[in-house]
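Predicted coordinates and the sequence they were generated for:
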Amino acid sequence: MIRYKRSALLFAAGILVAAASAWADDKPAASASPMPAAQPAAKAAKPAKQDSPTVAAMKAANALADAGKTDEAIAAYEKMGVLKSKKMEAWRLNNEALAYITAKEPKYDKAVELLEKATEADATNSIAWNNLGSAYENTDQLDKAKDAYQKAIDTAKDANASSAKAEGNLAALQARLDKKGGKKDADKDDDAKPDAGDAKK
């Protein structure tokens with residue numbers, strides 16, 4: 001029993017010596033403090049960065065759209081009003097238009113109106129250009145659709161971003177036009193529906 005207690009004490013002492021030695025290796029030599037100083041609470045845990053009211057409103061509207069609550073999402077985007085930042089305004093308009101495009105009964109004319117404003121606000125938003133191409137294509141403005149898809153490809157490449165959706169949409173539209181001999185009133189194939197961008201800011 002005595003041997004057991006002595007062994008346990010020696011073992012515990014060994015752990016303390018090893019811990020003190022490891023801690024001493026990390027401490028500067030000038031420090032004589034036996035324990036590291038406690039960090040102030042402010043430095044130990046930084047508060048999480050809060051979203052600006054605009055970003056929070058955008059996220060809330062996006063969540064409604066993602067949940068399929070189209071009417072509520074549209075109302076939330078409109079409630080935000082015109083945003084000061086041109087880039088954020090373009091995203092607001094794009095996201096609202098996307099809600100119209102993905103609604104049970106899509107309203108492509110309204111989407112065209114919003115997306116034209118979005119691309120005017122920020123001509124570098126390739127997602128908005130692709131969505132505008134989709135809206136044009138669904139309103140039988142095929143020449144405009146081709147131009148919008150090409151603009152989406154160009155702006156995406158300028159930003160080193162993917163242009164796969166726009167390239168696919170442009171290729172599908174061109175194949176449709178080629179199949180019909182380039183006629184503007186080319187019938188839409190069910191398999192050739194334009195793919196609207198799903199990115200939201």
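In hand now; what should we look at?

Sketch out the low-pLDDT regions of this protein for me.
Along the chain, segments meeting pLDDT under 70 span 1-47, 182-201.

If we use 80, what do you get?
Counting by pLDDT under 80, the chain has low-confidence residues at 1-48, 180-201.

Helices of that one, start to end?
2-26, 41-44, 53-66, 70-79, 86-101, 108-121, 126-138, 142-158, 164-179 (DSSP state H).

So which elements touch the last one?
Helix 164-179 sits against helix 126-138, helix 142-158, with contacts defined as 3 or more C-beta pairs under 8 Å, 6 or more residues apart in numbering; DSSP states H and E. (C-beta placed from N, C-alpha, C; glycine too.)

Return the list of helices and strands in contact with the first one.
I take that to be helix 126-138. For helix 126-138, the packing partners by 3+ C-beta pairs under 8 Å, 6+ apart come out as helix 86-101, helix 108-121, helix 142-158, helix 164-179.

could I get the helices and strands packed on helix 164-179 as a markdown table with distance to Asn62?
Formatted as a markdown table, the entries for these read as follows, by distance: least, C-beta to C-beta, whole Å:
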| stretch | distance to Asn62 |
| --- | --- |
| helix 126-138 | 13 |
| helix 142-158 | 21 |
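
So which of those is the most surrounded?
Looking across these with neighbours counted as mean count of other C-beta atoms under 10 Å, the highest average goes to helix 126-138: a mean of 28.
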